[in-house]
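[1] below are the sequence and a predicted model; questions follow.
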Amino acid sequence: MKRLLTSVTALMTAMLIAQWTSEARAQVYETFVAGGGNGGSDSNNCLYPTSACQSFSAAISKTKDGGSIRCASPGDFGFVNIAISVTIDCLAGGGSPNSGYIYIGAPGKTVVLRNIAVDGLHTGGTSIAIQSAANVFIENALIGGAATGLSDRRGGPGMLVIRNSSVVSNTGVGLQIAPSGGVVGVELDNVNAAYNKFGLAVGSGGRVMIKNSTFTGNSGAGITADPGAIVGVTATEISFNGTGVVASGTVTLSNSSINSNSTAISGPTRSLGNNVIFANPVEGTAPTIVSAR
């Protein structure tokens, strides 16, 4: 009996090792997705453009931590939950939405989204939701068609960088930075937030630095900062919004244009004295001029 139990134990151990080895081998550092009309299928191994999966979810299940998923063709690749460090690059997937919803729950990880369109499928939800991650980098993205374009509710510390991207036609907030605790640092560079209710809304613990960007046509406000939030605006145009800037937190303006809003500024802001504020029916609260240090 003892010999039989020993044999069974050894067999079970061998089976578990074989299963683990098979699963480990199934994960690679680079996988591909393609539209169904371009040969994509979740029954494929995702290893090559010619054997691409059809969904991000299938591809990420076969991608190692630190790896990448690449679009081999245009297509809508569905929802995806990200829990690893990964780069998703859809340079070859332009011309149509690539995903309806991206959820990032990846403690301590780095997530890169590049050349991607996320439309929220007009469900009234959130296109990109960041629940946890060390760093998130988004470049050349189109985010729109939801109640909230991007929502970052991580507990800090954390970093979010968005460059060369547009956040358009969300019924609520285009970019929502609302840390659940701690500080989340955000850099926006050449970001266009247009036709949302609020272009950017920053809660306590959000520290957002903006440059070379545009906030236009947002019916509520272009930029809002709650108490405990810090927002720095440099070389940016804020125009045709309900209110250009709503400042309940700390907002600094430099070399920017605030024009053609129903109200230019509501609440105290600080200025280096090099901004242009004009053509607003209501100028609102004049900035306090401070010297550069």
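    Now that the structure is in, tell me what you want to look at.
[2] contacts, neighbours, all on C-alpha from now
    Noted.
[3] low-confidence ranges in the protein?
    Counting by pLDDT under 70, the ranges of the chain that qualify are 1-26, 93-96, 121-124, 292-293.
[4] partner strands of the top strand by length along it, parallel or antiparallel?
    Criterion DSSP state E: the longest strand present in the chain is strand 126-144. Strand 126-144 has the following sheet partners, assigned by DSSP bridges: strand 102-118 (parallel), strand 148-152 (parallel), strand 158-168 (parallel).
[5] ok, residues contacting the first one?
    Right, strand 102-118. Outside strand 102-118, the residues within contact range by C-alpha atoms under 8 Å, 6 or more residues apart in numbering are 79-91, 93-94, 96-101, 127-144.
[6] and for the shortest one?
    Strand 148-152 is contacted from outside by 120, 124-131, 143, 167-168, 170-179, using C-alpha under 8 Å, 6+ apart.
[7] in the sheet, who's paired with Gln251?
    Actually, residue 251 is Val rather than Gln. What pairs with Val251, by the bridge criterion (DSSP bridges), is Val231.
[8] wait, doesn't it sit right on Val231?
    Yes: taking contacts as C-alpha atoms under 8 Å, Val251 lies within contact range of Val231: 4.8 Å.
[9] compare the two (neighbour count), which wins?
    The residue with more neighbours, out of Val251 and Val231, is Val251; 25 against 22, by other C-alpha atoms under 10 Å.
[10] show me what contacts the more buried one?
    Val251 is in contact with Ala225, Ile230, Val231, Gly232, Val233, Pro268, Thr269, Arg270, counting by C-alpha under 8 Å, 6+ apart.
[11] burial count for the fourth one?
    Spelled out, that is Gly232. Applying other C-alpha under 10 Å, we find 17 other residues in the vicinity of Gly232.
[12] repeat for the second one
    Around Ile230 sit 22 other residues, with neighbours defined as other C-alpha under 10 Å.
[13] so how far is Val183 from it?
    Distance of Ile230 to Val183, computed by C-alpha to C-alpha, to the nearest Å: 10 Å.
[14] cool, the fifth one as well?
    Distance, Val233 to Val183, using C-alpha to C-alpha: 18 Å.
[15] same check on the last one?
    Counting by C-alpha to C-alpha, the gap from Arg270 to Val183 is 21 Å.
[16] overlap in contacts, Val251 and Val231.
    What both Val251 and Val231 touch, as defined by C-alpha under 8 Å, 6+ apart, is the set Ala225.
[17] picking up where we left off before, of Val233 and Val183, who's got more company?
    Set Val233 next to Val183 and count neighbours by other C-alpha under 10 Å: Val233 wins out with 22 against 19.
[18] three-state assignment of the more buried one?
    At Val233 the chain is in strand, as set by DSSP: H, G, I helix; E, B strand; the rest coil.
[19] got a list of what it touches?
    Taking C-alpha under 8 Å, 6+ apart, we find Val233 in contact with Met209, Ile210, Lys211, Val251, Thr252, Leu253, Ser254, Ser256.
[20] tell me the contacts of the spatially closest residue to Asn274 that is not a sequence neighbour?
    The spatial neighbour of Asn274 that comes closest, neighbours along the chain excluded (C-alpha to C-alpha, 6 or more residues apart in numbering), is Asn255 at 5.0 Å. Neighbour list for Asn255: Thr234, Ala235, Thr236, Leu272, Asn274, Asn275, Val276 [criterion: C-alpha under 8 Å, 6+ apart].
[21] Gly242 now?
    Contacts for Gly242 (C-alpha under 8 Å, 6+ apart) come out as Gly217, Asn218, Ser219, Gly220, Ala221, Gly222, Asn261, Ser262, Thr263.
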